[in-house]
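Q: next come a sequence and a model predicted from it.
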Amino acid sequence: MADELLIRNGVVYDPINGVKGEKKDICIRDGKVVDSVTNPKVIDAEGRVVMPGGVDIHAHIAGGKVNAGRIMRPEDERKGVEPKTKVCRAQSGYSVPNTFATGYRYARMGYTFVMEAAMPPLAARHTHEEMIDIPILDNAALPLIDNNWMTMEYVKSGDMDLLAAYMAWIIKATKGFGVKIVNPGGTEAWAWGKNCDLNDSVPYFDVTPAEIIKGLAVANEKFDMPHSIHVHTNMLGHPGNFEVTKDTYDLVKGVKASKDRQVIHTTHTQFHSYGGTNWGNFESKADAIADYINQNDHATIDIGSVILGDTTTMTADGPMEYSLYQITGRKWTNHDVELETGSGITPFLYSGKVSVHTIQWAIGQELALLVKDPWKVALTTDHPNAGPFIGYPIIISHLMSKKRRDESAEDMHKAIFDRAALPSIDREYDLNEIAIITRGMTAKALGLHEHGKGHLGVGADADVAIYDMSPEERDAGKIQKAFLNTKYTIKAGEIVVKDGEVVATPPGRTIFVTPECDDKLTDEMMVTLKDKFAKYYSVTLNNYPVQDAYLPNPYEIKAPWRS
Amino acid sequence: MEGMNVNLISGRTTVQGQNLDSKLTEKYFGEVARCDMNGSDMEKLGVAKDDNVKVTTAYGAVVVKAKQDDGNPEGLIFIPMGPWCNAVVSGDTHGAGMPSFKGIDAEIEKTEEEVLQVKELMRTYMG
Amino acid sequence: MQTITLKLKEAVRSGIAAVPVEVDALTPDQLFGKNEAELKAVKVWWGNREENTGDLFDVSVEGDAGNAEEVKIVFEGDLTRVKRIGDGMKAGEIEARGDVDMRCGAMMEGGKIVVKGNANCWAGREMRGGELIIEGDAEDNLCAMYRGEDKGMTGGKVTVNGNAGELVGQYMAGGEILIKGNADRLAGLNMRGGKITIESDAQWPGSDMTGGEIVVKGETEMTPSFKFVETATVDGVEYKKYLGDLAMGEKKAKGTLHVK
Amino acid sequence: MVEITDVVCSLCGCVCDDIVLEVENNKVVKVKRGACSVGKSKLLGHERIKSPMIRENGELKECSYDEAIKKSAEILYKSRRPLLYGWSSTVCEADKVGVELTEDLGAVMDNTASVCHGPSVLAIQDVGLPSCTLGEVKNRADLVIYWGANPAQAHANHMKRYSYVSKGYWTAEGKKGKKLVVVDVRKTMTAKMADVFVQVEQGQDYPVFSALRAILQGHEDVVPDKVGGVPKEQLLELANMVKEAKFVMTFFGMGVTHTGARHNNIVNAIQFTRAAHLHTKASIMPLRGHYNVAGINQVCTWETGFPFAIEMARGYAWYNPGELSATDLLYRGDCDAAMIIASDPGAHFPGESLKHLAKIPVIQIDPYANPTTEFADVVIPVAVSGIEAEGNVYRMDNIPIRLRKILDTDYLPDEEILERILTEVRALREKEGE
């Protein structure tokens, strides 16, 4: 017997299919959206907002550094405790919730897919182990491929085909999704306590971060990869870094995408849109970044918007976390990973009374409001770096309400009026635009719209969020409340949230990409790689790749070789 | 009494590790039911290698075999981690969850009492 | 004034194990306004099960209270496995007649607790206000922070007539602690504010302190990273005044340690 | 005879994964390469518990798996405060079921970290942990410090594979280009290899760290002539070595977690590493004991938010070592039943704590008989992880490695035993109509 569901009379926002708030029925059979149903269970969505399940393009929800953040912060874990229920496991944590809470809280906000944004290849099994334990959500992870010795050596030798072969091998070995770049060269330099700007030479490796980024963009486009390179640019958090960010876009301007999408996605761009030369004259340069994005079509961004309050910062950008710890003097964890990457973690309090934090708070929203085409911008908080994902509804309410923004700004440090543009921006997002920056754009930028994510066309995954609000709602508080807890969340045709409560916890799938590289190239690359394992790694090559046991519900996307 | 006051510590040894999965064997017994101390401490106590010594703390007493290890400074005795050492360790963790397995005030003396086998030792805990 | 007497039943302690009873639900502010039947029905945790207060304690009530301040709870019986007495209390008074278990007065915000015996670990943990008097000894972590927090006690007053265990007032940021006996290792570790007075001996007090003041009137074994400043007089007695802890770097070394 | 390569050792936290074995007739007959003498002993095998057993009238009597599992479920279900302890010598897949069982029972869950590097975890919660993977040490470290640790005996492959003796990218000459410092209270086998041996008075590590920090912060003037038995000149020498090194690696062991200020020794060791960072690159790492003690801390944390010593009585996790550590519960007589899995408190807990273990019903899940068996009322033998069962483990630097299954067995793996106990517990609850 077919499992059928009919969502009747909702006001549907499905931007990928051009549906902008139309009263429409959604028919579901066996986990997919279909044309019609015969004997369905019916959900009455009359007058309520209906969207595809949310697709988060960038968050840190699983893996070594996320868990190191949890271990380091029992004071954060105690904040979010909720007892087990008949269907839910016990929950802990606010900025770094346990895996179960992560799944439940995203699902309650109507999200059904989350991209884990940084997977150290050597510790990939860890990321996958945690993803297995995140209920409901489909997910994928981006392996870090930029500070790898193999990458830097091929970039130096200029052999882009071998670089592509290595990139393909790492993505396959880690069951990863695409190419993640984090402070290229800088993290390797950090292994000696140093850092790198875009055109500095990486110590001992004699390549520049600029060359690494360009090289990986070229390698990525040699395959039919669903996603572009995903870049955390150099000099994160440094005053004046907006120039680095713009220069980074320029680097890959001439690279041709293998598919109809961007060639570079820069993430948590808020942290990379800073003007000034020090913390004293620190200012927003969101306008400069937005101008660039408006004038060019090869780059997309996510905003990494700040949520005020205490959070746990974590990134593969080791030197950046060290600088942050030096500012705060709070606890600091660092974890350099041999031949590949590193990471740092430190708690951080964003206060509306501190000028710099206030400007940071403004920048994320400015980016969303100044980039004209919402198909180029995604909503993120770089969870948990600029704030926990549970704060998304706060940002939505601010983007949709100038009044809300003005009210918030009133209580904040006055620097927001001098050194940020936000108070002078009148634009307000509508629900269609919100649907774009939380599902349509993110699914497309990740290439997942071709795999059923981020839309409600026939054949799409039956992931649906029904919000308990009317499309006419203008009250920012009510909007925020509606986006925090759905009326219904449906995942693969199953009701998982009802009236804001989790009612079912099916396991999610792990989506991974298989770049298909020529065997001869792979063999040639393997000679070098075997030598690296024999001499420098602390594990054997045969024990390195992620075994199938770590993907109990796999979904494979093949990426054929293009050139 | 010929006893003397010492500082007791415990720790891993190679043979102790080799027999983690075979703690009921003679090999484990021979390695773990022993006490290493400086030669001059042995002289003071009047014990030779494999003589039985009794170690007493505020928390219990245990008989083990003496062994010389001049790596230990005078006044510091070492019993490999295991049931014999633990017979004289306090269960109090000072709110840290970790008992003091090292740095225990103890008294050591020569004895004619026998070293208990592991099962006999466990039986002493049963009421 | 109302006095609620809660006497632990002997049966609670008769099993093969001494499973602790947790009485965080039994504070004056939470019990104010309840009649005897309602009091007996208040749920308390005993291991992994919730029980009625009346099933674990003999309950008697005398007098009336107009507000929580006028409520006094007296705990009687063997309290050595009764945890969280006065945990989170905001007002009123608690008297514990005997030795009490862990976390007595933790998260306390107001009111007064008198322990007529010893207190196990974490008495006054993260205390915010009110007064805690321990007539016997206090075990370790008195008035310390919760794991991972960088703030322990921030307000209130604590007096221990006997000795205190390790880590008195760790990460203390405000309030006052008076230990009339000795304090074990590392009293005032990471202290950033408030005052600790130790009338007898202390080992390694004030390590990593960045603020606040510690006075040790007995013998002190110091850590090697404090800077002698001057001879100073406190309450008419001469002390050596040190500044520290320089292990934290000069900028942060703003704590004051007075020793004999 | 079959040769098997890339075998992963399931003994200590080094988790060596390049072992070569010879297997004949479903038996390991030879360890050809890769393992140290301790690992070799494990791989070659020891006498096993033959059958599940239940104690009747003081004697353990053989029974079926079904009977033992049913009896275990009854003990746990009845308990008002069960302690589920151990978890470090099994795989993460089993640990996950353990967390679920803990939650279901409202039990206390603790693992062997609490008598090993639990203090290190507490220290990390205070100040964090600047660290790295072992390959980083191998490729970069030119100053290796072992503090309160004796790897020559406890982690026999450690120096060879990862630190002082190994050769890497910037350390091609092996130990020739490196310096080894050992800090200990006695001259251990490891200390005998050191370029500099610093002998600390027992229990005095804490002030020695403070002194080193003060020196690295530029305040050597306040440091007295002797600290913890160490002359000031030697402290200055050590601080200079730190300043001049390119990459300083400190490993520490139970010599600092077991003594004196316990976790605050480690806080101070980490603070020393942070201070070293003012001058150079510095990392620090606990020498974890059991092969998956890091793993149970990981699993417990991502599933409950906390690494060990948690109580789920109220349906959510409350974490507090010192209140909820296994030794505390037993010493205080706080728990009324215990399930011991993949560990041996009988051998490794203070006698004062064992007295309570003798009183309460005890379930033991382990491949081997050991002192804990003497206290057990139910004994359930299991497959040996890493030899007869596969699964994920975390090395001391938190690198996940998958143990391989090499031999066939009729023993059930830990994971399956736990799942069946959980199923039985749920059946009992259903029966009572809760």
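A: Okay, I see it. Residues are numbered from 1 along each chain as shown, chains lettered A, B, ... in the order given.

Q: Three-state assignment for the residue nearest the centre of chain A, please.
A: Centroid-nearest residue in chain A: residue A:58, 0.4 Å away (criterion: CA atoms, centre = their mean). State at residue A:58, reduced to three classes by DSSP: H, G, I helix; E, B strand; the rest coil: strand.

Q: that one and residue A:422, how far apart?
A: Distance of residue A:58 to residue A:422, given as CB to CB, to the nearest Å: 22 Å. Yep, even glycine has a C-beta here, placed from its N, CA and C like the rest.

Q: quick one: residues contacting the residue of the stretch 51-200 of chain C found nearest chain A.
A: Relative to chain A, the nearest point of the stretch 51-200 of chain C is residue C:148 (3.9 Å; CB to the nearest CB). Neighbouring residues of residue C:148 by CB atoms under 8 Å, 6 or more residues apart in numbering or on different chains: A:72, A:73, A:74, A:75, A:76, D:125, D:126.

Q: one more: residue D:362?
A: D:337, D:338, D:339, D:340, D:372, D:375, D:376, D:377, D:378.

Q: cutoff 7 Å now
A: D:338, D:340, D:375, D:376, D:377 (CB atoms under 7 Å, 6 or more residues apart in numbering or on different chains).

Q: tell me which entries of the residues you listed lie within strands.
A: Among the contacts of residue D:362, the residues falling in strands (DSSP state E) are D:338, D:340.

Q: tell me the most packed of the contacts of residue D:362, by neighbour count.
A: Neighbour counts for those (other CB atoms under 10 Å in any protein chain shown) peak at residue D:338, which has 32 neighbours.

Q: Three-state assignment for the closest residue to that one other than its chain neighbours, please.
A: The spatial neighbour of residue D:338 that comes closest, neighbours along the chain excluded (CB to CB, 6 or more residues apart in numbering or on different chains), is residue D:83 at 4.5 Å. Following three-state DSSP, residue D:83 is assigned to strand.

Q: what residues are up against residue D:83?
A: D:107, D:108, D:110, D:326, D:329, D:335, D:338.

Q: the third one belongs to a strand?
A: Yes: with three-state DSSP as the criterion, residue D:110 is assigned to a strand.

Q: where does residue 43 fall, secondary structure wise?
A: This is for chain A. strand A:41-44 (DSSP states H and E).

Q: sorry, should have said chain B
A: helix B:39-45.

Q: list the buried residues of that helix.
A: Neighbour-count burial for helix B:39-45, counted by 16 or more other CB atoms under 10 Å in any protein chain shown, picks out B:41, B:42, B:45.

Q: likewise stretch D:302-321?
A: In stretch D:302-321, counting by 16+ other CB under 10 Å, buried: D:302-314, D:316-321.

Q: could you pull up the residues touching residue D:384?
A: Residues near residue D:384 by CB under 7 Å, 6+ apart: residue D:367.

Q: cool, and residue A:311?
A: Contacts for residue A:311 (CB under 7 Å, 6+ apart) come out as A:95, A:348, A:350, A:384, A:387, A:388.

Q: of all those, which comes closest to residue A:242?
A: Nearest to residue A:242 among these, counting by CB to CB, is residue A:350 at 19.9 Å.

Q: quick check: bridge partners of the closest one?
A: Beta-bridge partners recorded for residue A:350 (DSSP bridges): residue A:309.

Q: and residue A:113, by the same measure?
A: Under the criterion used (DSSP bridges), residue A:113 bridges to residue A:55, residue A:138.

Q: how close does it sit to residue D:20?
A: Distance, residue A:113 to residue D:20, by CB to CB: 43 Å.

Q: more neighbours, the two?
A: residue A:113 (30 against 15).

Q: wait, that one sits on residue A:136?
A: No: with contact defined as CB atoms under 7 Å, residue A:113 does not reach residue A:136; the gap is 10.2 Å.

Q: okay, now residue A:426: neighbour count?
A: Other residues near residue A:426 number 7, with proximity taken as other CB under 10 Å.

Q: skipping its backbone neighbours, what lies nearest it in space?
A: Spatial nearest neighbour of residue A:426, chain neighbours left out: residue A:402 (5.8 Å); criterion: CB to CB, 6+ apart.

Q: near chain A, which residues of chain C?
A: With CB under 7 Å from any CB of the partner chain as the criterion, chain C comes near chain A at residues C:146, C:147, C:148, C:149, C:150.

Q: redo that, cut-off 8 Å
A: Contacts of chain C with chain A, taken as CB under 8 Å from any CB of the partner chain, map to C:146, C:147, C:148, C:149, C:150, C:252.

Q: now, which of the residues you listed lie within strands?
A: Per DSSP E, the residues of chain C next to chain A never map to strands.

Q: ok, so of the residues you listed, who is nearest residue B:25?
A: Lowest distance from residue B:25 to these (CB to CB) belongs to residue C:147, with 40.1 Å.

Q: note down every partner strand of the helix or strand just after the strand holding residue A:43 and its orientation.
A: With elements assigned by DSSP H and E, the helix or strand that comes after strand A:41-44 is strand A:49-52. With DSSP bridges as the test, strand A:49-52 is paired with strand A:4-14 (parallel), strand A:464-467 (antiparallel).

Q: so which residues of the stretch 51-200 of chain A form helices?
A: For the stretch 51-200 of chain A, the helices defined by DSSP state H, counting those that start in this stretch occupy A:64-72, A:74-77, A:99-108, A:124-132, A:149-157, A:160-173, A:186-190.
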